[in-house]
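>>> need coordinates for the following:
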Amino acid sequence: MNPAVSKQNLRSQQRVETQLDVTVRLPSGESVQCRTTNLSRAGMMLCCDNRTLEQLVPGQKPLVPGQWIDVLAKFSVPVVAAQNVVISADCHLIHFRRVSRDEFQVGFQFFGFEGNGYNYVDQYVSRQLSTFP
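Down below sits the predicted model:
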């Protein structure tokens, strides 16, 4: 019997499950709508259908490390119970994978924020993590 081998977690930031609407502006200037499945201080995972993925990654060609697709993502998070802030984040689209017949997950890595965007993401993620037992 072989002992169970665990894989090292290569992610440096904890993720929280989310369902936030995101507008992604492509290099062409076109925008597409997606929804988050999780968010961390380092990036986010979006879900989309095949048509949207084709807009994000024309030809759905595998992405090569360092030659990612740069996009602008806009989404809002609550900073207090009754107030949301809009975050504009420059992102690298770094990978995608098929989840089901017409559902894909697309990974985005943050590399820049407008204004206090990083602080708002940090506060949101911290609050969400503190609600777990």
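
>>> can you give me the buried ones in the helix of greatest length in the chain?
Identified as the longest helix of the chain according to DSSP state H is helix 117-130. Buried residues in helix 117-130, counted by 16 or more other C-beta atoms under 10 Å: 117, 120-121, 123-125, 128. C-beta here means a position set from N, CA and C on the backbone, and glycine is covered the same way.

>>> how about the strands in this structure?
For the chain, applying DSSP state E gives strands covering 16-17, 21-25, 31-39, 43-48, 69-80, 83-100, 103-113.

>>> same for the longest helix of the chain, what does it pack against?
Of the remaining helices and strands, those touching helix 117-130 by 3 or more C-beta pairs under 8 Å, 6 or more residues apart in numbering; DSSP states H and E are strand 16-17, strand 31-39, strand 69-80, strand 83-100, strand 103-113.

>>> got the angle between the third one and helix 117-130?
Just to be clear, that refers to strand 69-80. If you take axes from the mean of the first three to the mean of the last three C-alpha atoms, to 10 degrees, strand 69-80 sits at 60 degrees to helix 117-130.
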